[in-house]
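Chemist: Dropping a prediction and its sequence here:
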Amino acid sequence: MIKAIIFDFWNVICTFDNNLFIEKIFSKTPLSKEKLHDLIYNKSNLPKLYEIWEISSNEFFENIKNLCELDINQADFIEAYTNIFTPIKSTFDLIKKLKNNYKLSLLSNTSEWDFNFWIKPIEIFDLFNTVTLSYEVKEMKPENKIYLDCLNKLKLNPNECIYIDDIKKYSDKATEIGMIWINYKTNIKLLNSLKSYNIIF
């Protein structure tokens, strides 16, 4: 019997576009947009290190600032870095309906700033019974520890949980652990998949 629905955040609850961050810091550096994107997301490992707390928020800011020759204060950097998301209204509506019958959990690879300045303030955040974040666990999906942290907080067996994620390798790991997985593509496909498991919403 399904007792909990576990949601990934990025591209399931909110979409994101890293290019919006690049656009916002572009005027603060002599580097091109292409160079900025390549340095941050291809050449450096800084976003990943930040999301597993190998580096702190202040260290992340200083490292990106130096790497990209940025002339920017931390407050403006945070605004640029965290305002790249768009809510997926259909998922918001679904979460509100599921809350009546199931435990809800958030399981996300994310950073301290993304959590504090974007995830935590959203209107549906308080509907989650548990929250598991990579920067707190210090491990990212698809490593085992982050999934097990989520299950431990829910106090449920894996086969009592449905896990929804847009990245298949993350869903595959959930299946390996014993959860039922749904690979998110569209709202219609998500609803149909949930119906196939007799989920009430």
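Modeler: Looks like it came in fine.
Chemist: Isn't Lys33 up against Ile22?
Modeler: Yes. At 5.3 Å, Lys33 counts as touching Ile22 under the criterion of Cβ atoms under 8 Å. Glycine gets a C-beta too; all of them are placed from N, C-alpha and C.
Chemist: Compare these two and say which is more crowded by neighbours.
Modeler: Looking at Lys33 and Ile22 with other Cβ atoms under 10 Å, you find the greater number of neighbours at Ile22, namely 22 against 13.
Chemist: Locate that one within the secondary structure: which element?
Modeler: According to DSSP states H and E, Ile22 maps onto helix 18-25.
Chemist: my guess is Ser105 is in a helix, correct?
Modeler: No. Under DSSP: H, G, I helix; E, B strand; the rest coil, Ser105 sits outside any helix and is assigned strand.
Chemist: who's in contact with it?
Modeler: 4-7, 128-132, 150, 153-154, 161 (Cβ atoms under 8 Å, 6 or more residues apart in numbering).
Chemist: Apply 7 Å and report the result again.
Modeler: Ser105 makes contacts with 4, 6, 128-130, 132, 150, 154, as judged by Cβ atoms under 7 Å, 6 or more residues apart in numbering.
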